[in-house]
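Chemist: show me how the following folds:
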Amino acid sequence: MQTFSQAYSHIAPCVSTEQKDKALFLYGFYMAYMNGTMYDPSNNIRAALIKSCAPEYFKPFVEGLWNYDIFLEVQDCVEAYMNSLFISPLPDDSFEVRLKWPEVEHNGQRTESQETRIRVHVVQSKGSYQIDYVENMNIATVAVR
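Modeler: Residues are numbered from 1 along each chain as shown. As a prediction, this is how the structure comes out:
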């Protein structure tokens, strides 16, 4: 299990204390979210975390409208994602979240390693941070905003 001090090895240098705090918020969100995805079949952890996001994100989750995970851009999560998590600041309170799917060999078939890049925008709302925009940077689609 990762400790808070290990978070800094998963975050690129930030230019301000606020930017660093938002990056640490994202690190905590993603680590808890991935743990919930892998180890909580009831989805209670993910549901609680998504409620800390803007309503555009938690409402479709609660209503079961997602057929994939917009925060991970995958249908399944593996421990390797947790180890590969890296957060880099972008302009305008956005961050690039990078996750790497490991190379896998199964029954003589090899699946190549793939990196997922996700743009996440973080705002301060009611005294805490909130995710209000998520976009897959690997493909040219528009996310809910």
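Chemist: dump the residue contacts of the residue lying closest to residue 21 once chain neighbours are set aside.
Modeler: Spatial nearest neighbour of residue 21, chain neighbours left out: residue 129 (7.4 Å); criterion: Cβ to Cβ, 6 or more residues apart in numbering. Where you see a C-beta, it was placed from the backbone N, CA and C, and this is true even at glycine. Contacts for residue 129 (Cβ atoms under 8 Å, 6 or more residues apart in numbering) come out as 21-22, 25, 122-123.
Chemist: in the chain, which helix is the longest?
Modeler: For the chain, the longest helix by residue count, based on DSSP state H, is helix 17-39.
Chemist: show the average pLDDT along it.
Modeler: Helix 17-39 shows a mean pLDDT of 90.
Chemist: who does whichever helix or strand comes after that helix touch, helix- and strand-wise?
Modeler: Sequence order places helix 44-50 as the next helix or strand after helix 17-39, per DSSP states H and E. Packing partners of helix 44-50 (3 or more Cβ pairs under 8 Å, 6 or more residues apart in numbering; DSSP states H and E): helix 17-39, helix 55-62.
Chemist: near residue 31, how many other residues are there?
Modeler: Residue 31 has 19 neighbouring residues, counting by other Cβ atoms under 10 Å.
Chemist: now residue 34
Modeler: So residue 34, with other Cβ under 10 Å, has 22 neighbours.
Chemist: tell me the contacts of it?
Modeler: 72, 77, 81-82, 85.
Chemist: C-alpha coordinates for stretch 19-38, PDB please?
Modeler: This file holds the C-alpha atoms of stretch 19-38, laid out as PDB (Å, rounded to 0.1, in the frame of the first residue of the first chain):
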ATOM      1  CA  GLN A  19      -1.300  23.300  -7.800                       C
ATOM      2  CA  LYS A  20       0.600  20.900  -5.500                       C
ATOM      3  CA  ASP A  21      -2.400  20.500  -3.300                       C
ATOM      4  CA  LYS A  22      -4.700  19.800  -6.300                       C
ATOM      5  CA  ALA A  23      -2.200  17.200  -7.600                       C
ATOM      6  CA  LEU A  24      -2.100  15.500  -4.200                       C
ATOM      7  CA  PHE A  25      -5.900  15.500  -4.100                       C
ATOM      8  CA  LEU A  26      -5.900  13.800  -7.500                       C
ATOM      9  CA  TYR A  27      -3.300  11.300  -6.400                       C
ATOM     10  CA  GLY A  28      -5.500  10.400  -3.300                       C
ATOM     11  CA  PHE A  29      -8.600  10.300  -5.400                       C
ATOM     12  CA  TYR A  30      -7.100   7.900  -8.000                       C
ATOM     13  CA  MET A  31      -5.400   5.600  -5.500                       C
ATOM     14  CA  ALA A  32      -8.700   5.300  -3.500                       C
ATOM     15  CA  TYR A  33     -10.700   5.000  -6.700                       C
ATOM     16  CA  MET A  34      -8.500   2.200  -8.100                       C
ATOM     17  CA  ASN A  35      -8.600   0.300  -4.700                       C
ATOM     18  CA  GLY A  36     -12.400   0.600  -4.700                       C
ATOM     19  CA  THR A  37     -12.600  -0.600  -8.300                       C
ATOM     20  CA  MET A  38     -10.400  -3.700  -7.600                       C
END
